[in-house]
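In: Quick one, fold the following:
(6 chains)
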Protein chains: 6
Amino acid sequence: MTAAVPAAFARPSGRAPDQLRPVRITRGFTKHAEGSVLIEFGETRVLCTASVEARVPGFLRGKGEGWVTAEYGMLPRSTNTRNDREAARGKQGGRTLEIQRLIGRSLRACVDRRALGERTVTLDCDVLQADGGTRTAAITGAYVALVDAMQWLRGRGEIKRDPIVGAVAAVSVGVYRGVPVLDLDYAEDSDCDTDMNVVMNDGGGFIELQGTAEGHAFRRDELNALTDLAEVGIAQLVAFQREALAL
Amino acid sequence: MTAAVPAAFARPSGRAPDQLRPVRITRGFTKHAEGSVLIEFGETRVLCTASVEARVPGFLRGKGEGWVTAEYGMLPRSTNTRNDREAARGKQGGRTLEIQRLIGRSLRACVDRRALGERTVTLDCDVLQADGGTRTAAITGAYVALVDAMQWLRGRGEIKRDPIVGAVAAVSVGVYRGVPVLDLDYAEDSDCDTDMNVVMNDGGGFIELQGTAEGHAFRRDELNALTDLAEVGIAQLVAFQREALAL
Amino acid sequence: MTAAVPAAFARPSGRAPDQLRPVRITRGFTKHAEGSVLIEFGETRVLCTASVEARVPGFLRGKGEGWVTAEYGMLPRSTNTRNDREAARGKQGGRTLEIQRLIGRSLRACVDRRALGERTVTLDCDVLQADGGTRTAAITGAYVALVDAMQWLRGRGEIKRDPIVGAVAAVSVGVYRGVPVLDLDYAEDSDCDTDMNVVMNDGGGFIELQGTAEGHAFRRDELNALTDLAEVGIAQLVAFQREALAL
Amino acid sequence: MTAAVPAAFARPSGRAPDQLRPVRITRGFTKHAEGSVLIEFGETRVLCTASVEARVPGFLRGKGEGWVTAEYGMLPRSTNTRNDREAARGKQGGRTLEIQRLIGRSLRACVDRRALGERTVTLDCDVLQADGGTRTAAITGAYVALVDAMQWLRGRGEIKRDPIVGAVAAVSVGVYRGVPVLDLDYAEDSDCDTDMNVVMNDGGGFIELQGTAEGHAFRRDELNALTDLAEVGIAQLVAFQREALAL
Amino acid sequence: MTAAVPAAFARPSGRAPDQLRPVRITRGFTKHAEGSVLIEFGETRVLCTASVEARVPGFLRGKGEGWVTAEYGMLPRSTNTRNDREAARGKQGGRTLEIQRLIGRSLRACVDRRALGERTVTLDCDVLQADGGTRTAAITGAYVALVDAMQWLRGRGEIKRDPIVGAVAAVSVGVYRGVPVLDLDYAEDSDCDTDMNVVMNDGGGFIELQGTAEGHAFRRDELNALTDLAEVGIAQLVAFQREALAL
Amino acid sequence: MTAAVPAAFARPSGRAPDQLRPVRITRGFTKHAEGSVLIEFGETRVLCTASVEARVPGFLRGKGEGWVTAEYGMLPRSTNTRNDREAARGKQGGRTLEIQRLIGRSLRACVDRRALGERTVTLDCDVLQADGGTRTAAITGAYVALVDAMQWLRGRGEIKRDPIVGAVAAVSVGVYRGVPVLDLDYAEDSDCDTDMNVVMNDGGGFIELQGTAEGHAFRRDELNALTDLAEVGIAQLVAFQREALAL
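Out: Residues are numbered from 1 along each chain as shown, chains lettered A, B, ... in the order given. Here you go, the predicted model:
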């Protein structure tokens, strides 16, 4: 990224503008799921499990294709002040539905659904602790859980070829106090002008791009700078995924 | 837009790649609302009403600021096959919630909420007939309904200065059979590789940008071409809004 | 009608006691539905669509009979002050359910369900603008949409004989300031003593009759005068339906 | 009633066409409610309780008026085959809402809400055993429970004058095998052409009248014959109410 | 029970510590259900019906076994102050679900589900009047209704051997003002230190035991004394059941 | 425990009948909550957070007392096969409500609500991994989270004296293959005759006791043996709590 950063600029965390938070990926975090990953982007911690079931939704029945879907939730006290439990309120809020639709679309982008066969993989992404970027951590971790579940299927001889086509990761970028920064934490997220979530594959292609002007509208050059930053971050996240899967 | 278009390329509607559908904006479509606009993007027709109420949500009470929110719905047979009525199913689906959150954020971006005072404006966007692009038509029409509602408030002497700061419009762009095109209709939308909804203001700033790879991931140059097209379309839509408001 | 009308009596609209509001019936108002009718009783405007689906409810499966059902809704700002959107509240109110049950029963009265075969026709009646009499307008308009849908079925050769047996129309009558009047608008409806909705067929038979004393209880002679008025109104509405269908 | 009855005609119960089923009204059936009445129309048994609370709905607050409302339910096995419990299904059905709205409107017609003061009376009508006519039994019994609750209020000196203005009772009438009959039981109700519920006061005025053609449409002379029958039945029911209240 | 009772001790009802309230069991209370019992524990009155249906839940389909389940409800004014109707609130509360799960488990303990065959028996326990102990009365009465339903099945030759294996009854015990007492009424229940519901069979075996310290924690010797009392009460209740079934 | 254990008896885990699973209590597991504890009973892992809010439910307002309540949830894939997410299904099941009511009652038993002042403590118990005994682990862990939250309040000087009066812990006991055993894991729980959950305080008093005969009814001597075992287990759990709090 080439834009000049003002001398006095500092991120709350002390990170450089193009620096990710420490990323940790723990496979096999719980024992029942076919894939189970705890992913940490700094203090944000999301448990991502992949569950395989031998059934597909009605619209796919008999077509020889599988399905990948996602559900997202925050534990009531994963946040600074307690949020109502959605199960107790009797419905999932708009933000929750929006995020789980995003996770589902993102992960379907790296799956050959014919190779999966008539199976459904459900990616449950539950936020244990939130500090900004829960949806991007969820996508990045769900990919690893998904790969583990596919390995489990292959290990049992249930599928012949690997349904995974490329890797998928996600990161947030934003304009904080005039400077484009990578991987916003909560302190930055709640005080920034523009916030963009970017989902990419390991070939550098865009899968999802959702930008929102929180304060003033953003300009074309800011869009470009943010997209540059996202590319830098995704490349590193894909490397972390590979490393975790190599263990 | 400078990308070369293959000779054999044709849009289902016969439009040029950078051509909007015919746009019609009818103010005062119904009589009760403070603002009531029927907007048509070709065969897509959305009724947008703005309702002013002298109350604000709990989190704004006593702060001297107003609120702008939106609700979106499709009549059950606005689409090719009948959809269940959300009121009968007992909940709004994820797509509906996602769209109405987008409309609300977009319109709040052009309102000075202090100038509005402790009032809520609800923008109801109901799709009478759908042919692709209902959310972008809704945003573009809701802006006109909102301006009319603000005029109504000023006409009654309830507010002193105009809360509207700039215009807001929205358009979809996408890659259809390899060619970036503007303002997708249903035939294109259901058969395209990439679909992006862009919300901008009349100063050329981006308010929202939501791109999704439906088939293969999109490249940076496609992102650029799509953004170029969106800028062209938005400029024309803002002109249509102005024209309608000048009547 | 023979009851003496006091010299000083005037309806808010200036109409004679036995005068309907201007009625307009627009067929083909939207393009997707098998039948689509905008009906206007003065300023009351209801969009009635008929959707044909090749399935029947569980209790009719395998019996060789079809089903006709209705759903009713008001756009949130079809009324003078905004009503909560039922989809957002998570349930349809008692008034809505009562009206859609009435519409369904009324239209089933003119359909030979054996001739329809194992199909369901759903009549969606959505109020775009309300000024009294929305349920009677809905029934009168839904009949026209239903006839169009049956023509569509016959045009495709799916059914052999016409399932429509006679016409159905509806009108409200009431006692306003002591005088029985036909087709109440909102100003009358909210200030009348007795309100009665009457559904009849074109043979002069009663299908539904629902009278409510809003103020004092009504007498037998008032019931008779109201029923007389309803017969007058229905005959005209049936003529309007015929005229619209002849186009 | 003067219409000729065919020689071979017989009601399933052996009753004459204008004969009510045996009516029993038991006051004080349960101990907690301010009014508690078990009403029996033959084998139909409805428990009607009147509960007085010192609060009114929001729209009446501070107006010095009271409110009367009703709720209706059927025990799951009050009917021949078990119905789902509405509490377990998570909502009240359309029929339930329609009936409880009818009961509420009917009973409000005999209450001076100013004399009641800022209190709400809730009439709970729960069907213990159903054999046709549950809504008319409910209205007739709820009136007695309401009177008892008003006596309770007067006995405590909470109100000065009696809020009850006249009596209210209800009965069903219908055309069974071509003959107008009074007070249909289930065997008749499920096999009749026209069914009408009539609510009247003790002055012979109509409060509600809801007629439905189940088979063929009904004619004006049938409407007249049914209305005659209803008048006969209501007069007897009002006498039974008086007798029960005199104990 | 051997614990010394203080001289000044008196129960609100004047009963001895180990004395049940008067128990009344009325079979055939309503006519439609296969078993229908009104049970009274003093002023607590619960209507228990047993409904037999020729279907089983999904998890039992094709296994040759039946199912026994229960639903519980309180009429809104069965209590001293009116409770919201659960059907109107749109959900059953936690207490209701807890009680109906308890009733279902208790009654399944006395049924040979193979002998029942692929049938479901639903035990609806509806409280007409509450004065403490509604769940124990419900279990005790539901047993009698269940036996009647099984007799009905055998009478029709649908089952060969009796699915009932032993009797089931329930009673509450508690520590009231320091003294263990049997069968608490509302006055005791709302003012006691420990409350325990005990379900036993006629062989003296425990089926369910649910004790709760309302005030201070209870000691092992209190647990023993309460269990002794429960055994005394259950033996009497089983005798009452037998007597009722012998009629 | 003195009952003779058959020679061939073995628990699936190889534990002695009166042996707990390894217990681990991790305080400060997440950072936002006033108390946050991960408790492990073998492979069962429950995250217990205590959230303090300066408000009380309506029925306590203005009384100078606080409230302690609990919510319970299982992550969808905490179990062997995936369970539906309760937030997505739109309601909490009966088992969930029953458990969270039990946790709430149990913890209220060790709190002086006057000392707490007008505050609510919500104990969220979310099961990350289930292997039997989730409710007993939840109660035991929630106690530690609650103590931490009270320390937090005292550290800020918001309360003067400690609201905690004694410790609370819980354990399950059951009869597995004829032998009473302590702290059942899933393999035992799904194959046992009797299952009892016991909540006690550190003074040896019983707070809750819930026993269920899964197979045959249990006898008085079994009840005694199980209660003995529970006392042994609770004493150890209280020691683990003390140890964890001493760190």
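In: Around A:I207, how many other residues sit close by?
Out: A:I207 sits with 27 neighbouring residues when counted by other CB atoms under 10 Å in any protein chain shown. No exception for glycine: its C-beta is placed from N, CA and C like everyone else's.
In: which SSE is it in?
Out: strand A:206-213 (DSSP states H and E).
In: Indicate whether that strand makes contact with chain B.
Out: Yes: under the criterion of CB under 8 Å from any CB of the partner chain, chain B is reached by strand A:206-213 at A:F206, A:I207, A:E208, A:L209, A:Q210, A:G211, A:T212, A:A213.
In: For the third one, name its beta-bridge partners.
Out: Think A:E208. Under DSSP bridges, the beta-bridge partners of A:E208 are A:V199, B:T212.
In: Compute the number of surrounding residues for it.
Out: Using other CB under 10 Å: A:E208 sits among 21 other residues.
In: Was I right to think it contacts B:E214?
Out: No: look at A:E208 against B:E214 with CB atoms under 8 Å: they stay out of range, at 10.8 Å.
In: Can you add distance to A:T30 and pLDDT and give the residues of strand A:206-213 next to chain B back as JSON lines?
Out: Listed next are the residues of strand A:206-213 next to chain B as JSON lines, based on distance: CB to CB, whole Å; pLDDT from 0 to 100:
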{"residue": "A:F206", "distance to A:T30": "32", "pLDDT": "97"}
{"residue": "A:I207", "distance to A:T30": "27", "pLDDT": "97"}
{"residue": "A:E208", "distance to A:T30": "27", "pLDDT": "97"}
{"residue": "A:L209", "distance to A:T30": "32", "pLDDT": "97"}
{"residue": "A:Q210", "distance to A:T30": "30", "pLDDT": "97"}
{"residue": "A:G211", "distance to A:T30": "34", "pLDDT": "97"}
{"residue": "A:T212", "distance to A:T30": "33", "pLDDT": "96"}
{"residue": "A:A213", "distance to A:T30": "39", "pLDDT": "94"}
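In: Pull the most distant pair out of the residues you listed.
Out: Across the residues of strand A:206-213 next to chain B, the longest distance by CB to CB is 21.8 Å; it joins A:I207 and A:A213.
In: Now the residue most central in space within chain A: closest residue in space that isn't a chain neighbour?
Out: For chain A, the residue nearest the mean C-alpha position is A:I139 (2.1 Å; CA atoms, centre = their mean). Computed as CB to CB, 6 or more residues apart in numbering or on different chains, the closest residue to A:I139 that is not its neighbour in sequence is A:A170, at 3.9 Å.
In: need the contact list for A:A115.
Out: Taking CB atoms under 8 Å, 6 or more residues apart in numbering or on different chains, we find A:A115 in contact with A:I159, A:K160, A:R161, A:D162, A:P163.
In: so which of the residues you listed is the most crowded?
Out: A:P163 leads those on contacts (other CB under 10 Å) with 23 neighbours.
In: which residues touch it?
Out: By CB under 8 Å, 6+ apart, the residues touching A:P163 are A:G66, A:V111, A:D112, A:R113, A:A115, A:L116, A:M150.
In: on that earlier part again, select from the residues of strand A:206-213 next to chain B the one having the most neighbours.
Out: A:I207 (27 neighbours).
In: check which helix or strand covers A:A137.
Out: Here A:A137 is assigned to helix A:134-155, by DSSP H and E.
In: and the helix or strand following that helix, what does it pack onto?
Out: Downstream of helix A:134-155, the next assigned helix or strand under DSSP H and E is strand A:168-176. Here strand A:168-176 touches helix A:94-108, helix A:134-155, strand A:179-182, helix A:186-189, strand A:194-201, helix A:220-246, going by 3 or more CB pairs under 8 Å, 6 or more residues apart in numbering or on different chains; DSSP states H and E.
In: any chance of the ones you listed in CSV, plus mean pLDDT?
Out: Listed next are these as CSV, based on pLDDT from 0 to 100:
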stretch, mean pLDDT
helix A:94-108, 97
helix A:134-155, 98
strand A:179-182, 96
helix A:186-189, 95
strand A:194-201, 96
helix A:220-246, 97
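In: Make JSON lines out of those and add distance to E:R77.
Out: Shown next, in JSON lines, are the helices and strands packed on strand A:168-176 (distance: least, CB to CB, whole Å):
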{"stretch": "helix A:94-108", "distance to E:R77": "39"}
{"stretch": "helix A:134-155", "distance to E:R77": "48"}
{"stretch": "strand A:179-182", "distance to E:R77": "62"}
{"stretch": "helix A:186-189", "distance to E:R77": "50"}
{"stretch": "strand A:194-201", "distance to E:R77": "54"}
{"stretch": "helix A:220-246", "distance to E:R77": "62"}
